[in-house]
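> following is a predicted model, sequence given first.
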Amino acid sequence: MGKPQPDMIKGTLDMLILKVLALEPMHGWGICERIQQISHGTLTVNQGSLYASLHKLTREGWIKSHWHTTANNRRARYYELTRAGARQLGREAEHWIRLSAAVTQIMATS
């Protein structure tokens, strides 16, 4: 049995979804897989959390979606970043860099 995964900091999943969609439009399962792949398995995304974030990001106008047929000939909702989403991603990335640097500095204090 593996160790339980720590929860993500509030808002981190939204930022990660925006980043992944900046690479290319994807369906929900693909977003989960890409996050896990890029993080070398360190981060896994709960489906319920993913879809809650996707709905929120859509309401905010940061992503949009459309139906498309997958390589397996199945219909899936594909999500893509909007211009407003790209701007938001930039803001969130800057905030994350400042936040993670501050936490790193505190943790390095002896």
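Received the coordinates, thanks.
> could you check the pLDDT of the nearest residue to L18 once chain neighbours are set aside?
Closest residue to L18 apart from its sequence neighbours, by C-beta to C-beta, 6 or more residues apart in numbering: L89 at 4.2 Å. (Each C-beta comes from the backbone N, C-alpha and C, glycine too.) Looking at L89, its pLDDT reads 98.
> quick one: contacts for the residue nearest the centre of the chain?
For the chain, the residue nearest the mean C-alpha position is I17 (2.1 Å; C-alpha atoms, centre = their mean). By C-beta atoms under 8 Å, 6 or more residues apart in numbering, the contact set of I17 is 31, 35, 50, 53-54, 57, 63, 79.
> got it, and A76?
A76 makes contact with 27-29, 67-70 under the criterion C-beta under 8 Å, 6+ apart.
> toward the C-terminus from the host helix or strand of it, list the very next helix or strand.
If you go by DSSP states H and E, A76 is part of strand 75-81. Counting by DSSP H and E, the next helix or strand C-terminal to strand 75-81 is helix 83-107.
> remind me what that next one packs against, helices and strands.
Here helix 83-107 touches helix 12-23, helix 47-60, going by 3 or more C-beta pairs under 8 Å, 6 or more residues apart in numbering; DSSP states H and E.
> where in the protein is pLDDT low?
1-8 (pLDDT under 70).
> let's see that with 50 instead.
Within the chain, the stretches with pLDDT under 50 are 1-4.
> H68: neighbour count?
H68 has 12 neighbours, counted by other C-beta atoms under 10 Å.
> how close does it sit to H95?
32 Å (C-beta to C-beta, to the nearest Å).
> contacts for stretch 20-36?
16-17, 38, 43-45, 47, 50-51, 54, 63, 68, 70, 76-81, 85-86, 89.
> at 7 Å instead, please
The contact list for stretch 20-36 (C-beta atoms under 7 Å, 6 or more residues apart in numbering) reads 16-17, 43-45, 50-51, 54, 63, 70, 76-81, 86, 89.
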